[in-house]
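*Asks:* Can you look at this prediction? I've put the sequence above it.
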Amino acid sequence: DGGITQSPKYLFRKEGQNVTLSCEQNLNHDAMYWYRQDPGQGLRLIYYSQIVNDFQKGDIAEGYSVSREKKESFPLTVTSAQKNPTAFYLCASSIGTSGVGQPQHFGDGTRLSIL
Amino acid sequence: AQSVTQLDSQVPVFEEAPVELRCNYSSSVSVYLFWYVQYPNQGLQLLLKYLSGSTLVKGINGFEAEFNKSQTSFHLRKPSVHISDTAEYFCAVSVQRKLIWGLGTSLAVNP
């Protein structure tokens, strides 16, 4: 079955460490997105990519980085510059490069915690 | 600027009762609207979408929503809820290449 796979489901990070969250999709979608979810704050967009080798900052990109070297993969790195990284991270994808009117499909998320 | 307001952060309801989750949006352009559901520690699942055409949209799990352009609303309804409907519900509007999200409504269905 097609879908979005996020791994790992739970991740722990020590202070000062970078950590990379994996997101892989086999839906043949062009667009991919990373969101951060905190209690009571809904979903906030970190980065998005409409096409391979191109990506744009979302609303809260500081302290994060991404790459889009393959259509099916969009990893997110949480750097040591992100001062409050504890959150639930969601990856999504959608058909086509415009994104207008296209629903997004979500993975099951990665919960990141600071040790 | 476009925005989405979910008018209730929490909605408690008894099993088999009807429920309405309210969503208002602001947008100066044509809108595409969505409702998603999120169960604990999971991703979001699309319930239904409005792109054009009939203003009454039917989705999965017996949910439906009505697009009201004059009131800029897109309220979600279900005539009879089950315990299994307990979840977080999000309203979203598509703007250019992104989705603008509401803060969510927590639906708690009690026996």
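*Replies:* Thanks, I have it.

*Asks:* For chain A, just list every one of the strands.
*Replies:* Along chain A, counting by DSSP state E, strands occupy A:4-7, A:10-13, A:19-25, A:31-37, A:43-51, A:54-57, A:64-66, A:76-78, A:87-94, A:105-106, A:110-114.

*Asks:* Ok, which of those comes nearest chain B?
*Replies:* Of all those, strand A:105-106 sits nearest to chain B, with 3.5 Å by CB to the nearest CB. C-beta coordinates here come from the backbone N, C-alpha and C atoms, glycine included.

*Asks:* That closest one - what's its average pLDDT?
*Replies:* Mean pLDDT, computed over strand A:105-106, is 95.

*Asks:* Can you add mean neighbour count and distance to chain B and give the strands of chain A back as JSON lines?
*Replies:* Compiled in JSON lines, the strands of chain A are given as follows (neighbours: other CB atoms under 10 Å in any protein chain shown; distance: least, CB to the nearest CB, whole Å):
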{"stretch": "strand A:4-7", "mean neighbour count": "17", "distance to chain B": "8"}
{"stretch": "strand A:10-13", "mean neighbour count": "14", "distance to chain B": "10"}
{"stretch": "strand A:19-25", "mean neighbour count": "19", "distance to chain B": "11"}
{"stretch": "strand A:31-37", "mean neighbour count": "25", "distance to chain B": "7"}
{"stretch": "strand A:43-51", "mean neighbour count": "21", "distance to chain B": "5"}
{"stretch": "strand A:54-57", "mean neighbour count": "14", "distance to chain B": "8"}
{"stretch": "strand A:64-66", "mean neighbour count": "20", "distance to chain B": "15"}
{"stretch": "strand A:76-78", "mean neighbour count": "20", "distance to chain B": "15"}
{"stretch": "strand A:87-94", "mean neighbour count": "24", "distance to chain B": "6"}
{"stretch": "strand A:105-106", "mean neighbour count": "22", "distance to chain B": "3"}
{"stretch": "strand A:110-114", "mean neighbour count": "16", "distance to chain B": "7"}
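
*Asks:* of all those, which lies closest to residue B:20?
*Replies:* In terms of CB to CB, the element of the strands of chain A nearest to residue B:20 is strand A:43-51, at 22.3 Å.

*Asks:* In chain B, what residue spans correspond to helices?
*Replies:* The residue ranges that make up helices in chain B, judged by DSSP state H, are empty, as it has none.

*Asks:* Tell me the bridge partners for the residue most central in space within chain A.
*Replies:* Within chain A, the residue whose C-alpha comes closest to the C-alpha centroid is residue A:34; the distance, by CA atoms, centre = their mean, is 2.7 Å. With DSSP bridges as the criterion, the beta-bridge partners of residue A:34 are residue A:47, residue A:91.

*Asks:* Look at it and report its pLDDT.
*Replies:* So residue A:34 comes in at 98 (pLDDT).

*Asks:* Repeat that for residue B:28.
*Replies:* pLDDT recorded at residue B:28 is 67.

*Asks:* Could you do residue B:8 as well?
*Replies:* We note a pLDDT of 95 for residue B:8 in this prediction.
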